[in-house]
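Asker: attaching a predicted model along with its sequence, questions to come.
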Amino acid sequence: MEMYKRMCIDIKQEQNNYVNEQKKKVLESDVLNILDEKIEKMVQEYCKIEQARLSQYPQFYKYFNLLHMSIPDSSAESSVLSFKGSLLQTGKIATCKVSVMETPRRLDLFKKYIVTPPNETINEEEEEIDNYYKKKLPPTVSVDENITQLTQTNEVDIVISSECLVSLVELVNDVSLDICVPIRVIEKDGKNILMFDRPLPREEMTARERNKLIYDIAFKSLCLDWPNRHDIVSITKETENTESNQEENLQYNMWKFGEMNILIRHQIDGELVETGTKKPGSKDRRVYLTSKLDYQISEGREEITPANERAVNWIRSYIAGHATVLEGRIDVVNNKLVRVDRKEMVDIMGGQWRPMLESELLRHIFSKLHKNLLEPGHYLLQHKKDDHNFLIFQGTDTLSDLDLLSKKKLPILSKSDKSFIPAWSAIENQIPWTFQPNK
């Protein structure tokens with residue numbers, strides 16, 4: 001028994017050494033810093049659009065308070081985000097093309113995947129608007145007219161976009177992320193409503209983060225049969241005006257988190273038509289489309305799913321009613337979609353993993369801020385890289401601790417300082433995650 005214990009310790013140590021050696025090789029190869037100039041151009045366009053919304057907020061902010069990320073113990077029931085009902089669905093949706101999943105293919109980076117504000121002169125030959133999906137950023141939740149109406153007719157404590165929800169969930173497993181979330185507090189019937197807008201563009205972005213941003217959109221565009229898109233709900237006299245002018249669909253659902261009512265706005269990426277298994281009268285399967293970047297897949301070495309990526313897939317699928325995840329494996333080095341993996345919630349959870357820490361951090365943030373941000377106005381919730389606290393700033397009329405215009409610049413291209421572990425390539429008669437024995 002003693003020999004067995006010692007052997008287990010030695011194997012564990014060798015596995016740690018093996019993983020560290022693989023990560024070191026990847027970093028030294030500089031492969032994680034590959035960035036196509038066309039992707040960089042689209043990233044800059046995206047950031048410029050996002051920076052334009054800075055005018056919605058006060059320019060100056062003063063330090064207000066500190067919020068610890070440490071999560072207190074609480075009952076499991078209070079940490080469960082529970083669905084209450086759908087309040088509104090607007091816009092268009094398209095089915096996913098099954099042909100995309102059949103063969104590997106290169107992605108077209110010459111296409112324009114992001115809708116930019118109209119210029120004074122438009123060259124019609126440059127645009128093929130209806131031929132493929134292009135990302136159009138929705139209004140921030142604090143100025144969304146639908147949310148203004150819904151908060152007037154429903155009891156709401158927190159309003160949040162899915163983009164902000166995802167950023168907060170990621171922090172549980174990766175505190176190296178820096179985020180800055182604008183929050184607007186309004187008063188209704190003597191109670192405050194907190195509106196969490198999507199985070200502002202980061203001051204620094206690695207090549208990998210830039211690739212991920214664009215490949216997510218490019219993969220979605222490739223998958224969707226966009227010319228045949230249709231209204232996400234049946235047109236009625238009441239919805240006729242709201243449906244006709246909106247392309248991207250938006251979902252407004254009410255959730256319960258302990259004693260708080262949470263209004264979450266999110267988007268359904270597409271529908272999956274399954275004629276062979278579909279029951280009469282049932283709806284098409286809703287899907288969430290995402291890219292999975294691989295930098296060594298041409299060598300037969302795929303990356304495993306890290307904890308923060310699993311958490312993101314969970315929250316996106318969960319708020320969309322356990323939507324199916326279609327994950328496009330991208331060979332970044334060769335700009336190629338290698339295959340498409342389909343994941344249901346049981347695959348995301350992976351048998352042992354449970355999102356208790358992610359759920360509790362969200363509940364902790366919402367409850368603390370709802371109790372502390374008592375004065376209506378504008379605030380910023382800031383998390384700096386590798387910090388275990390949030391800084392809270394309050395909007396003010398005079399120059400103070402933070403000038404929002406300082407964020408009106410393109411993000412710096414930072415070097416990747418962390419690697420991602422490649423999945424184990426099965427070798428007969430060898431313990432996984434160990435070095436090959438000397439012959």
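Answerer: That came through fine.

Asker: need the next SSE after the longest helix seen in the chain, C-terminal direction.
Answerer: In the chain, taking DSSP state H as the definition, the longest helix is helix 2-29. With elements assigned by DSSP states H and E, the helix or strand that comes after helix 2-29 is helix 37-51.

Asker: packing partners of the longest helix of the chain?
Answerer: For helix 2-29, there is no helix or strand it packs on, judged by 3 or more C-beta pairs under 8 Å, 6 or more residues apart in numbering; DSSP states H and E. The way it works is simple: take the backbone N, C-alpha and C, and place the C-beta from them, glycine included.

Asker: buried set for it?
Answerer: Using 16 or more other C-beta atoms under 10 Å as the test for burial, helix 2-29 gives 15, 18-19, 22, 26-27.

Asker: dump those residues to JSON lines, plus distance to G351 and pLDDT.
Answerer: JSON lines is the format used below for the buried residues of helix 2-29 (distance: C-beta to C-beta, whole Å; pLDDT from 0 to 100):
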{"residue": "Q15", "distance to G351": "20", "pLDDT": "79"}
{"residue": "Y18", "distance to G351": "24", "pLDDT": "79"}
{"residue": "V19", "distance to G351": "21", "pLDDT": "76"}
{"residue": "Q22", "distance to G351": "24", "pLDDT": "75"}
{"residue": "V26", "distance to G351": "27", "pLDDT": "75"}
{"residue": "L27", "distance to G351": "31", "pLDDT": "76"}
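
Asker: and the two most separated of these?
Answerer: Q15 and L27 (19.1 Å; C-beta to C-beta).

Asker: tell me what L250 is bridged to.
Answerer: Beta-bridge partners for L250, by DSSP bridges, are T90.

Asker: just checking, it touches R265?
Answerer: Yes - using C-beta atoms under 8 Å, L250 is in contact with R265, at 6.0 Å.

Asker: what do the two both touch?
Answerer: P138 (C-beta atoms under 8 Å, 6 or more residues apart in numbering).

Asker: of the two, which one has the most company?
Answerer: R265 (27 against 21; other C-beta atoms under 10 Å).

Asker: please identify the helix or strand for the more buried one.
Answerer: strand 260-266.

Asker: give me the low-pLDDT residue ranges for the stretch 201-350 of the chain?
Answerer: Applying pLDDT under 70 to the stretch 201-350 of the chain flags the ranges 234-246, 274-283, 297-303.

Asker: all helices for it, in order.
Answerer: 207-223, 240-244, 307-319, 345-349 (DSSP state H, counting those that start in this stretch).

Asker: of all those helices, which lies closest to N372?
Answerer: Checking the helices of the stretch 201-350 of the chain against N372 by C-beta to C-beta gives helix 307-319 as the closest, at 24.1 Å.

Asker: which helices and strands sit right next to the closest one?
Answerer: Using 3+ C-beta pairs under 8 Å, 6+ apart, helix 307-319 sits against helix 162-171, strand 260-266, strand 285-294, strand 324-331, helix 345-349, helix 356-372.

Asker: dump those into CSV; add distance to K135 as well.
Answerer: What follows is those, written out as CSV (distance: least, C-beta to C-beta, whole Å):
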stretch, distance to K135
helix 162-171, 12
strand 260-266, 15
strand 285-294, 12
strand 324-331, 16
helix 345-349, 24
helix 356-372, 26
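
Asker: ok, which of these comes nearest T95?
Answerer: That would be strand 285-294 among the helices and strands packed on helix 307-319, by C-beta to C-beta, at 9.4 Å.

Asker: the closest one pairs with which strands?
Answerer: When DSSP bridges is applied, strand 285-294 pairs with strand 270-272 (antiparallel), strand 324-331 (parallel).

Asker: before we move on, the earlier item: which one, of the helices and strands packed on helix 307-319, ends up nearest to R6?
Answerer: Per C-beta to C-beta, nearest to R6 of those: helix 356-372, 33.2 Å.

Asker: hang on, the earlier thing: pull the distance from the longest helix of the chain to the chain's centre.
Answerer: Per C-alpha atoms, centre = their mean, to the nearest Å, the displacement of helix 2-29 from the mean C-alpha position of its chain is 32 Å.

Asker: also stretch 40-52?
Answerer: 17 Å.

Asker: residues in contact with it?
Answerer: 112-114, 116-117, 137, 200-201, 205, 210, 213-214, 407-411.

Asker: in it, what counts as buried?
Answerer: By neighbour count on 16+ other C-beta under 10 Å, the buried set for stretch 40-52 is 40, 42-43, 45-47, 49-51.

Asker: got it, and stretch 365-381?
Answerer: 365-370, 373, 378-381.

Asker: wait, which of those residues is closest to A323?
Answerer: Nearest member of the buried residues of stretch 365-381 to A323, counting by C-beta to C-beta, is F366, at 23.0 Å.

Asker: any idea how far S359 is from that closest one?
Answerer: The gap separating F366 from S359 is 11 Å, by C-beta to C-beta, to the nearest Å.

Asker: okay, which residue is most central for this structure?
Answerer: V166 (4.8 Å; C-alpha atoms, centre = their mean).

Asker: how near is the closest residue in space to that residue that isn't next to it in sequence to L362?
Answerer: Excluding the flanking residues, the one nearest V166 by C-beta to C-beta, 6 or more residues apart in numbering is V312, at 5.5 Å. Between V312 and L362 the computed distance is 13 Å (C-beta to C-beta).

Asker: any common contacting residues for those two?
Answerer: Joint contacts of V312 and L362 (C-beta under 8 Å, 6+ apart) are V169.

Asker: show me where the stretch 51-200 of the chain has its strands.
Answerer: 60-68, 81-90, 92-93, 105-106, 158-161, 179-188, 191-196 (DSSP state E, counting those that start in this stretch).

Asker: so which of those is the most packed in?
Answerer: Most buried of the strands of the stretch 51-200 of the chain, by mean neighbour count (mean count of other C-beta atoms under 10 Å): strand 158-161, with a mean of 25.

Asker: got the CA coordinates for that strand in PDB?
Answerer: Extracted in PDB, the C-alpha atoms of strand 158-161 (Å, rounded to 0.1, in the frame of the first residue of the first chain):
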ATOM      1  CA  ILE A 158     -31.600  44.300 -11.500                       C
ATOM      2  CA  VAL A 159     -31.400  44.700 -15.300                       C
ATOM      3  CA  ILE A 160     -28.400  43.100 -17.000                       C
ATOM      4  CA  SER A 161     -27.200  42.200 -20.500                       C
END
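
Asker: quick one: average pLDDT of that strand?
Answerer: In this model, strand 158-161 has a mean pLDDT of 96.

Asker: for that strand, what is the distance to the chain centroid?
Answerer: Centre-to-centre, strand 158-161 and its host chain are 15 Å apart (C-alpha atoms, centre = their mean).

Asker: look up how far D197 lies from L404.
Answerer: 13 Å.

Asker: looking at those two, which one has more neighbours?
Answerer: Per other C-beta under 10 Å, whichever of L404 and D197 has more neighbours is D197, with 24 against 20.
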